[in-house]
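A.B. asks: Let's see this in three dimensions:
(chains A, B, C and D)
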2 protein chains.
Amino acid sequence: MYPNLLESLSKHIALTPEEQELVCAAFKLRSVVKKECLLRPGQVFHHATFVRKGCFTMHTFDKNGKASVVQIAVEGWWVGDIYSFLTQKPSEYFVEAIESAEVLQIHHEKLEELYTRVPKMERYFRILVQNAYITFQNRVVSSMRQTAQERYMEFQQTRPGLEQRIPLYTIASYLGIRPEFLSRIRKRMAGR
Amino acid sequence: MYPNLLESLSKHIALTPEEQELVCAAFKLRSVVKKECLLRPGQVFHHATFVRKGCFTMHTFDKNGKASVVQIAVEGWWVGDIYSFLTQKPSEYFVEAIESAEVLQIHHEKLEELYTRVPKMERYFRILVQNAYITFQNRVVSSMRQTAQERYMEFQQTRPGLEQRIPLYTIASYLGIRPEFLSRIRKRMAGR
DNA sequence: CGTCTATTTGAATGTACTCAAAAGCGGTGG
DNA sequence: CCACCGCTTTTGAGTACATTCAAATAGACG
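C.D. replies: Prediction:
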């Protein structure tokens, strides 16, 4: 049994004890060392992946070799390329552990099977996709109307504790700015 | 029967003639005059809405009264706040006709009913959400690594014909820039 | 035609980036 | 335990991209 997974599920669906067992039995625990990649461009993201411990980023590199961080996931979050998982088409992204981590994974096929036994899970994953969708829509809107500093302050509020845990350059890339500039923003906010 | 709706459905699912009838019968045709709103902030988006003719934007205004255009939809597209529709929660957006238009609409409840008769439709709408999701994810990434001019050129390619059809300030807002600047970009691209 | 709105232009400004270099920091091996 | 290495963060100076504000021009519609 995986209490943190169940807790996350319980936010959207109510499972009976039997269903909880079925669900947990379907997932496998996997350890991931720092800098290990769960996904590389060209690969299909085969496993729905719940972070039990540690921290991941999903990112790509542009032609100049600069990273764009699309997603940051810590304990209690799902990580990975949702689109590649749903369509089982190759991804364009890296999914990389930036701390040593533990994840709970279920293979795409096995999830389909689980849906037939625990249909509520289908609802859960549908809600997950909806939320991911709204997250990106909001990110588009806030990148249109907010300055880098405003986006950084929003980041601090919505993702408390992350700044002291992950490198500055990762946050900068997530916010769509250069590390040098985030450094200046921090200095400015500290009041010199 | 609505041929353009059926054509759009056929891109992802194959319907029998009987199913096609069922589906078309479930939709209602509605005329919309220029500047009319199908949705305003605070309202729930009750109808899945397919554009048969004309053009719509989905947008909000920030505290300074500046619009942010989140979506532009023409014939053959679906329009509206997917999140509000799926969750039946109030929206934060306007959905406005920028040309007089005709849409095909199905109420949220009636769609649920249609799902039981034509289960393939559930698949169709799931794919629609996935595509909307990937669209926004790509927009986040391209706003991180591209200049305004590059985004504009991408827009021209992915949405051919739209530039001569909708106002410059709408495109500018969609791209996240000011109209004056888009005007300069166009001038620059025309070669003086 | 006149009015209203949309677009263009100019000048000044601000926000964020580039490049280069210095400083800080953590780990590793002598 | 300290010196050194590699990587991250900070700092400085110059620049590019995009905005602001104001005014002029162009287009659309009645």
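A.B. asks: Which neighbouring elements make contact with the host helix or strand of residue A:103?
C.D. replies: Residue A:103 belongs to strand A:101-107 when assigned by DSSP states H and E. Counting contacts by 3 or more C-beta pairs under 8 Å, 6 or more residues apart in numbering or on different chains; DSSP states H and E, strand A:101-107 is packed against strand A:28-32, strand A:47-53. No exception for glycine: its C-beta is placed from N, CA and C like everyone else's.
A.B. asks: now the longest one against strand A:101-107, angle please.
C.D. replies: Read it as strand A:47-53. Relative orientation of strand A:47-53 versus strand A:101-107 (axes from the mean of the first three to the mean of the last three C-alpha atoms, to 10 degrees): 160 degrees.
A.B. asks: can you pull the buried residues of strand A:47-53?
C.D. replies: A:47, A:48, A:49, A:50, A:51, A:52 (16 or more other C-beta atoms under 10 Å in any protein chain shown).
A.B. asks: any chance of the helices and strands packed on strand A:101-107 in JSON lines, with distance to DNA strand D and mean pLDDT too?
C.D. replies: Compiled in JSON lines, the helices and strands packed on strand A:101-107 are given as follows (distance: least, C-beta to the nearest atom of the strand, whole Å; pLDDT from 0 to 100):
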{"stretch": "strand A:28-32", "distance to DNA strand D": "18", "mean pLDDT": "96"}
{"stretch": "strand A:47-53", "distance to DNA strand D": "21", "mean pLDDT": "97"}
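A.B. asks: Nearest to residue A:171, out of those strands?
C.D. replies: strand A:47-53 (17.9 Å; C-beta to C-beta).
A.B. asks: How about whichever strand or helix holds residue A:96 and DNA strand D, any contact?
C.D. replies: In the assignment (DSSP H and E), residue A:96 maps to strand A:94-97. No - residues of strand A:94-97 are not located near DNA strand D by C-beta under 7 Å from any atom of the strand, the shortest gap being 11.9 Å.
A.B. asks: thinking again about what came up before, of all the helices and strands packed on strand A:101-107, which one is nearest residue A:83?
C.D. replies: strand A:47-53 (12.9 Å).
A.B. asks: CA atoms only for that closest one - export them in CSV, please.
C.D. replies: Output of strand A:47-53 as CSV, limited to C-alpha atoms (Å, rounded to 0.1, in the frame of the first residue of the first chain):
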residue,chain,number,x,y,z
HIS,A,47,4.3,4.7,-17.5
ALA,A,48,2.1,7.0,-15.6
THR,A,49,4.5,8.1,-12.9
PHE,A,50,3.7,9.4,-9.4
VAL,A,51,6.6,11.0,-7.4
ARG,A,52,6.9,9.5,-4.0
LYS,A,53,10.1,11.2,-3.1
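A.B. asks: partner strands of it, parallel or antiparallel?
C.D. replies: Its sheet considered, strand A:47-53 pairs with strand A:78-79 (antiparallel), strand A:101-107 (antiparallel) by DSSP bridges.
A.B. asks: contacting residues around residue A:148?
C.D. replies: A:175, A:176, A:177, A:181, A:182, A:185 (C-beta atoms under 8 Å, 6 or more residues apart in numbering or on different chains).
A.B. asks: Now a ChimeraX select for only the buried ones of these.
C.D. replies: Filtering those down to the buried ones (16+ other C-beta under 10 Å) takes a single ChimeraX command:
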select /A:175,176,177,182,185
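A.B. asks: What is the nearest of the contacts of residue A:148 to residue A:12?
C.D. replies: Distances from residue A:12 to the contacts of residue A:148, taken as C-beta to C-beta, are shortest for residue A:175 (28.5 Å).
A.B. asks: Name the nearest residue to that closest one, ignoring sequence neighbours.
C.D. replies: residue A:151 (5.2 Å; C-beta to C-beta, 6 or more residues apart in numbering or on different chains).
A.B. asks: List the contacts of residue A:144.
C.D. replies: Here residue A:144 is in contact with B:68, B:173, B:176 (C-beta under 8 Å, 6+ apart).
A.B. asks: Show me those that map onto helices.
C.D. replies: Per DSSP state H, helices hold the following members of these: residue B:173.
A.B. asks: Now render the contacts of residue A:144 as JSON lines, adding distance to residue B:89 and pLDDT.
C.D. replies: What follows is the contacts of residue A:144, written out as JSON lines (distance: C-beta to C-beta, whole Å; pLDDT from 0 to 100):
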{"residue": "B:68", "distance to residue B:89": "20", "pLDDT": "96"}
{"residue": "B:173", "distance to residue B:89": "25", "pLDDT": "97"}
{"residue": "B:176", "distance to residue B:89": "26", "pLDDT": "96"}
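A.B. asks: Between all of the contacts of residue A:148, which two are separated the most?
C.D. replies: Most distant of the contacts of residue A:148, by C-beta to C-beta, are A:176 and A:185, 12.7 Å apart.
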